[in-house]
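Asks: predicted model and sequence follow; I will ask about them next.
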Amino acid sequence: MAVIPVAIAGAPYEVRIEAGLLAQAGEHCRPFLRKDRAVVITDENVAGHWREAVTASFDRVGVASDWLVLPAGESTKSWEQLARVSDWLLEREVERKDCIVALGGGVIGDLTGFAAAILKRGCGFIQIPTTLLAQVDSSVGGKTAINTPAGKNLVGAFHQPVLVLADPLALDTLPLRDVRAGYAEVVKYGLIDDAPFFQWCEANGAKLLAGNHAAREYAIAHSVAAKARIVAADEKETAGVRALLNLGHTFGHALEAETGFGDRLLHGEGVALGMVLAARFSARQGLMSGQDAGRVSAHIASVGLPASLPALGLGCDGRRLADHMLHDKKMDAGMLPFLLMRGIGETFLAKNVDLADVAAFLDEELVRA
Ligand SMILES: NC(=O)c1ccc[n+]([C@@H]2O[C@H](COP(=O)([O-])OP(=O)(O)OC[C@H]3O[C@@H](n4cnc5c(N)ncnc54)[C@H](O)[C@@H]3O)[C@@H](O)[C@H]2O)c1
Ligand SMILES: O=C(O)C(=O)C[C@@H](O)[C@H](O)[C@H](O)COP(=O)(O)O
Ligand SMILES: [Zn+2]
């Protein structure tokens, strides 16, 4: 088993990664549970595949599990579902020192984590991520949130889990489209500050997507180690370090907002296209070579992720996309710091980007052949 410590000051925890962990979830969670009853929040797809195995593992350690099964998909990260989860937990008299189990992808993790953050001003929670995206990114670091009509993740809290259990076998039941979307966040770590890992992705990405277990396990452990290092250095995104994890997200979140936070564009797909746009914008500003920007778009396209804007069929202009960015949480006194690149593995936070330039760039990209 790979065990990766997340050294958050005052709230350290472990990410355990091993094939078969879902079927042993009860055994791993038991030391964190104070009662012989556990509450589990999940979605209908995950429940369909994994409820039985996880329930059996809790039964084996004498813990009865009580399940709330939510609708699947991004629209579940909403005020409505937050209220539903909170009321359900209150009905079950969950106490501050109890640990709520989040079993699912980033949607379930972000929503449950936020409910745990605000319930009784803060309860414990355990992340059991079942998508590639959640295993390599969202289950680690304590960002929790819901979306609102104004935009992505606009209401949330930093609230760390007490334990993360990542089982690569969970990905065997995950649709390929969702594996691909999660892969975008894997590639992100290479682009941020790890050129050799981007090279590894170029060589092994197709194998990972085709279901190769060794490639998946390597990518999960490598990504979690990268994320753990970054969030331990800057838990609340105040030191300009954690913001690097937002590479591709300013573009990506604007595209998610424009497409309505649904199946038309998944979060990871928006991030993939967002990273291509960040690379191309960096090249246009003379920061990154056209050759490196080409490598980014070529790899994203080669694995079947969106790499160009016209394919989305948006029907809006660059100004409208740039307007979504005004809600970005990085906004600072009217300026939007942007994650740009000087090369592969050389991402930095640029504080002098003019949104009018971004809008003009997007106008060009929207009609690019
Ligand atoms: N908190 C963070 O740091 C962070 C980081 C990255 C992304 N996110 C958020 O994560 C969300 C996206 O997460 P996601 O891509 O995991 O989406 P998701 O949670 O919607 O899961 C994707 C789909 O896979 C299904 N599913 C999950 N596990 C499965 C399994 N093992 N087998 C079969 N089906 C399964 C789900 O039901 C859903 O239909 C976005 O809201 C994004 O903003 C948060
Ligand atoms: O953990 C982080 O920090 C990240 O930025 C990870 C991102 O992949 C994730 O999508 C995050 O939720 C985006 O952060 P936000 O603050 O822009 O909502
Ligand atoms: Zn993300």
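Replies: Happy to help now that I have it. Numbering: from 1, shown residues only. Ligands and ions are numbered 1, 2, ... in the order given.
Asks: from here on, contacts and neighbour counts on C-alpha atoms
Replies: OK.
Asks: report the contact partners of the most centrally placed residue in the chain.
Replies: With the centre of the chain defined as its mean C-alpha position, the nearest residue by Cα atoms, centre = their mean is Ser138, 3.7 Å away. Neighbouring residues of Ser138 by Cα atoms under 8 Å, 6 or more residues apart in numbering: Gly106, Gly109, Asp110.
Asks: so how many other residues sit close to the nearest residue to Leu132 once chain neighbours are set aside?
Replies: Nearest residue to Leu132, sequence neighbours excluded (Cα to Cα, 6 or more residues apart in numbering): Gly182, at 4.9 Å. Neighbours of Gly182 under the rule other Cα atoms under 10 Å: 27.
Asks: now the helix or strand harbouring Gly182 - C-alpha only, CSV.
Replies: Per DSSP states H and E, Gly182 falls inside helix 176-193. In CSV, the C-alpha atoms belonging to helix 176-193 read as follows (Å, rounded to 0.1, in the frame of the first residue of the first chain):
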residue,chain,number,x,y,z
LEU,A,176,-14.0,6.2,-20.2
ARG,A,177,-15.2,9.8,-20.6
ASP,A,178,-14.8,10.3,-16.8
VAL,A,179,-11.4,8.6,-16.7
ARG,A,180,-10.3,11.0,-19.5
ALA,A,181,-11.7,14.0,-17.6
GLY,A,182,-9.7,13.0,-14.5
TYR,A,183,-6.6,12.4,-16.6
ALA,A,184,-6.6,16.2,-17.4
GLU,A,185,-5.8,16.9,-13.8
VAL,A,186,-3.0,14.3,-13.9
VAL,A,187,-1.4,16.1,-16.9
LYS,A,188,-1.8,19.4,-14.9
TYR,A,189,0.9,18.3,-12.4
GLY,A,190,3.4,17.8,-15.2
LEU,A,191,2.6,21.2,-16.7
ILE,A,192,2.8,23.0,-13.3
ASP,A,193,6.4,22.1,-12.3
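Asks: so which bits of that helix are buried?
Replies: For helix 176-193, a neighbour-count test (16 or more other Cα atoms under 10 Å) marks 178-193 as buried.
Asks: what's the distance between the residue in the stretch 251-369 of the chain that ligand 1 sits nearest to and ligand 2?
Replies: Nearest residue of the stretch 251-369 of the chain to ligand 1 (Cα to the nearest ligand atom) works out as His267 at 5.3 Å. According to Cα to the nearest ligand atom, to the nearest Å, His267 stands 7 Å off from ligand 2.
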